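> quick check, what structure comes out for this input:
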Amino acid sequence: TDFHSDGVDLAIRYGAGRYPELRCERLLAEAVFPVCSPKLLDGPRKLDSLAALKHQTLLHDDSPDDDPSCPTWAMWLKAAGATDIDGARGPKFNQSSLVVEAAVLGRGVALGKASLTAADLAEGRLVKPFGTSVSVDFAYYVVCPEAKLALRKVALFRDWLMAEAASFAGAKG
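Predicted structure coming up:
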């Protein structure tokens with residue numbers, strides 16, 4: 001977004017939070033954890049332990065976030081102590097939303113971002129088979145030129161966004 005030529009007053013950006021010449025406030029932190037359809041918790045290849053991931057399809061998020069702190073399956077498995085599981089196998093998707101959709105449909109287990117999986121977790125379309133979450137460096141930020149905050153409509157909208165994000169973060173626990 002080019003605030004000068006696009007006529008935009010305020011934006012939400014996902015990134016490292018370094019936006020020169022803009023007022024930048026963290027809206028939501030982000031974390032990553034395994035998610036899957038509840039269907040994968042039952043059946044002959046049920047996902048009832050970390051070792052059971054060996055028999056599941058791993059869904060990969062290859063979206064171009066460029067966040068080195070965001071774990072890949074290989075990184076997550078190593079940190080979890082599952083060194084005998086091939087973290088490179090499974091389909092790769094170039095959009096986070098496609099990875100989440102594949103997990104909802106029972107196509108495998110994804111490393112899902114908390115903000116992108118919250119609604120599906122709340123509705124029971126996804127479950128977290130393991131409790132391990134990894135915080136990542138990237139987050140969602142409200143950004144705008146400092147002078148734009150002097151506009152009442154911008155200040156009100158910014159305040160509303162921050163309140164909604166706080167209640168969302170509180171609801172996630």
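> please make it C-alpha for all contacts and neighbour counts, starting now.
Noted.
> hmm, residue 1 is touching residue 8, no?
Yes: counting by Cα atoms under 8 Å, residue 8 is a contact partner of residue 1 at 7.4 Å.
> phi, psi of residue 159?
Main-chain dihedrals, residue 159, degrees, to the nearest 10: phi -60, psi -40.
> just checking, residue 154 touches residue 147?
No: between residue 154 and residue 147 there is no contact, the gap being 10.1 Å when judged by Cα under 8 Å.
> ok, those two, which is more surrounded?
More crowded of residue 154 and residue 147, by other Cα atoms under 10 Å: residue 154, with 15 against 10.
> now the more buried one: which helix or strand?
Here residue 154 sits within helix 152-172, counting by DSSP states H and E.
> give me the element the residue lying closest to residue 115 once chain neighbours are set aside is part of.
What sits nearest to residue 115 in space, not counting adjacent residues and going by Cα to Cα, 6 or more residues apart in numbering, is residue 30, at 6.7 Å. Element membership for residue 30, per DSSP H and E: strand 23-35.
> mean confidence score for that strand?
For strand 23-35, the mean per-residue pLDDT is 94.
> tell me where this protein has helices.
73-80, 96-104, 114-122, 152-172 (DSSP state H).
> could you list the buried residues of the third one?
Judged by neighbour count (16 or more other Cα atoms under 10 Å), helix 114-122 contains these buried residues: 114, 115, 117, 118, 120, 121.
> among these, which one lies nearest to residue 14?
Relative to residue 14, the closest of the buried residues of helix 114-122 is residue 115; by Cα to Cα it sits at 11.3 Å.
> which residues touch the most centrally placed residue in the chain?
Centroid-nearest residue in the chain: residue 113, 2.0 Å away (criterion: Cα atoms, centre = their mean). Shown in contact with residue 113 (Cα atoms under 8 Å, 6 or more residues apart in numbering): 30, 31, 32, 33.
> 10 Å instead, please
Residue 113 is in contact with 30-35, 61, 70, 96-97, 100, 133-136, counting by Cα atoms under 10 Å, 6 or more residues apart in numbering.
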